[in-house]
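# Prediction below, plus the sequence it came from.
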Amino acid sequence: MDPSGGCPHADNARLLARGAVAPVILPGEVEGVVVLGHDALREFLSHPDVAKNARHFTALQSGGIPDGWPLKTFATVLGMTTADGADHRRLRSLVSRAFTARRVEELGPRIAELTSQLLDGLDEAATEGDGVVDLRTHFALPLPMGVICELLGVDAAYHDRLHHLSNQIVATDIGPEQSQAANREMMDVLAAIVAARTEDPRDDLTSALIAAREKDGDRLSPLELIGTLMLMVIAGHETTLNLITNAVRALCTHRDQLDLVTSGRASWADVVEETLRWDSPVSCFPFRYPTRDLPLAGTVIPQGTPVLAGYSAAGRDPKTHGPDADNFSLTRTTTARHLSLGHGAHYCLGAPLARLEATVALEQLFTRFPRLDLAVPDTELPRHASFVGNSVRRLPVRLNR
């Protein structure tokens, strides 16, 4: 796997042509596997002999993974993403009450309000400059960061630092010292937030999790609380940030598809779902581990191997999505549902919120600026330095009022 990331689709197509499962070399010469095919990934994500807990990670347990390994946090952070069975259900149930359909629906007006405010600022930034504004920095980032931090009760003063540290943690091209420093600082920042909410409880998820811990000490340990908050901060804004960014890029480079929406022949929800399939916000997500030698799509994955979920590849698998899987099409006739938000017990808890944020953001953005377009060719946009996240680092656009 190329630690510097880049656009994954050409490599995905090359690997998919060979098979649905491929051996890969992870940073540090660690042997792993990526599951690329849609059907194989769907089976793998819900397989009873596949675990998330790193005690099943053979190389880690034998001492073969150094402390500064850039992907170690994905394996070792305590929380829902590294828990199995009853432990996973316990942690998920504590958080799920913040993401009920009713709670997400109630967030709608606040998301619309925040979106409108950000668009005002976007207009001002473009007016003061040369008419070009970085949509990712001024719009796609602060919207989901603002929403998740309001849910968690995190003050605005922390937003920029949390985003920077999140970027460091999901990066795959940084050295051991940077990786360790980012993780230490993230833990320190989250510990400070927990201390603030412990002293001054509010009507937010962090306060609720603290109360659950204090009421019944074995429900949520201090490290599980920090790990849960880290997961919520990173997953709660990075993925939606990439989703909004990728959707805008897709619509700007496929004006015929944008016309379908503005003319009422397709919906903004269709844009969100097709973007999730065609340009998944997460390319390859770490890790799951077979608890036995596991046959999958004609390949045997050895027990204890770290396995990546190849969401970006599965979204363009022609065996599932048809010979035109590489095309961005809002009127696609294939009925297979994408896997970009996961599948099985670890299906993304925040999926309804991400969909709502992206739908509101895109509708308001293109309603206010229907002629919005990229200021540089899409192929020249700088990519993420990671094979985990899938997007660009900047999105300069002209609003073209």
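All right, it came through fine. Numbering: from 1, shown residues only.
# Show me where the stretch 1-150 of the chain has its strands.
Read by DSSP state E, counting those that start in this stretch, the stretch 1-150 of the chain holds these strands, from start to end of the chain: 21-26, 30-35, 50-51, 132-134.
# can you list these in JSON lines and add mean pLDDT and distance to residue 338?
(C-beta placed from N, C-alpha, C; glycine too.) Formatted as JSON lines, the strands of the stretch 1-150 of the chain follow (pLDDT from 0 to 100; distance: least, Cβ to Cβ, whole Å):
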{"stretch": "strand 21-26", "mean pLDDT": "96", "distance to residue 338": "19"}
{"stretch": "strand 30-35", "mean pLDDT": "97", "distance to residue 338": "15"}
{"stretch": "strand 50-51", "mean pLDDT": "98", "distance to residue 338": "20"}
{"stretch": "strand 132-134", "mean pLDDT": "93", "distance to residue 338": "28"}
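# Tell me which of these lies nearest to residue 7.
strand 30-35 (16.1 Å; Cβ to Cβ).
# Adjacent strands (with direction) for that closest one?
strand 21-26 (antiparallel), strand 307-310 (parallel) (DSSP bridges).
# I'd like those strands written out as CSV, with distance to residue 92 added.
Formatted as CSV, the entries for the strands paired with strand 30-35 read as follows, by distance: least, Cβ to Cβ, whole Å:
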stretch, distance to residue 92
strand 21-26, 27
strand 307-310, 18
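# between these, which one is nearest to residue 50?
Set against residue 50 and scored by Cβ to Cβ, the strands paired with strand 30-35 come closest in strand 307-310, at 7.6 Å.
# related to what we said a few turns ago, show me the one of the strands paired with strand 30-35 that comes nearest residue 290.
strand 307-310 (7.1 Å).
# ok, residues contacting the next helix or strand after that closest one?
On the C-terminal side of strand 307-310, the nearest following helix or strand under DSSP states H and E is helix 311-314. Helix 311-314 is contacted from outside by 8-9, 12-13, 15-16, 34-38, 41-42, 279-280, 282-285, 320, 338-340, 390, using Cβ atoms under 8 Å, 6 or more residues apart in numbering.
# Any buried residues in helix 311-314, and which?
Of the residues in helix 311-314, those with enough neighbours to count as buried (16 or more other Cβ atoms under 10 Å) are 311, 312, 313, 314.
# For the strands paired with strand 30-35, give me JSON lines that also has mean neighbour count and distance to residue 212.
JSON lines is the format used below for the strands paired with strand 30-35 (neighbours: other Cβ atoms under 10 Å; distance: least, Cβ to Cβ, whole Å):
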{"stretch": "strand 21-26", "mean neighbour count": "18", "distance to residue 212": "36"}
{"stretch": "strand 307-310", "mean neighbour count": "27", "distance to residue 212": "29"}
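# which one of those lies closest to residue 291?
Minimum separation from residue 291 across the strands paired with strand 30-35 (Cβ to Cβ) falls at strand 307-310, 11.6 Å.
# which residue ranges form the helices in the stretch 101-250 of the chain?
In the stretch 101-250 of the chain, the helices defined using DSSP state H, counting those that start in this stretch lie at 101-128, 135, 142-152, 159-170, 176-199, 205-215, 222-252.
# Flag whichever of these has the least confidence on average.
Least confident of those, judged by mean pLDDT, is helix 205-215 with a mean of 77.
# Give me the distance from that helix to the chain's centre.
Relative to its parent chain, helix 205-215 has a centroid offset of 25 Å by Cα atoms, centre = their mean, to the nearest Å.
# tell me the angle it makes with helix 176-199.
Note on geometry: by axes from the mean of the first three to the mean of the last three Cα atoms, to 10 degrees, helix 205-215 and helix 176-199 are set 70 degrees apart in direction.
# buried residues in helix 205-215?
Of the residues in helix 205-215, those scored as buried under the neighbour-count criterion (16+ other Cβ under 10 Å) are 205, 206, 207, 208, 209, 210, 212, 213.
# got it, and stretch 247-264?
Judged by neighbour count using 16+ other Cβ under 10 Å, the buried positions of stretch 247-264 are 247, 248, 249, 250, 251, 252, 254, 257, 258, 260, 261.
# Compute the first-to-last residue distance for that stretch.
From its first residue to its last, stretch 247-264 covers 18 Å (Cα to Cα, to the nearest Å).
# what do you get for stretch 362-381?
Rule used - Cα to Cα; the end-to-end distance of stretch 362-381 is 20 Å.
# now the residue lying closest to residue 279 once chain neighbours are set aside: how far from residue 378?
Spatially, and ignoring its direct neighbours in sequence, residue 279 is nearest to residue 246 (4.3 Å; Cβ to Cβ, 6 or more residues apart in numbering). Applying Cβ to Cβ, to the nearest Å, the value for residue 246 to residue 378 is 10 Å.
# Those two: who's more crowded?
Set side by side, residue 246 and residue 378 show more neighbours around residue 246, with 22 against 13, by other Cβ atoms under 10 Å.
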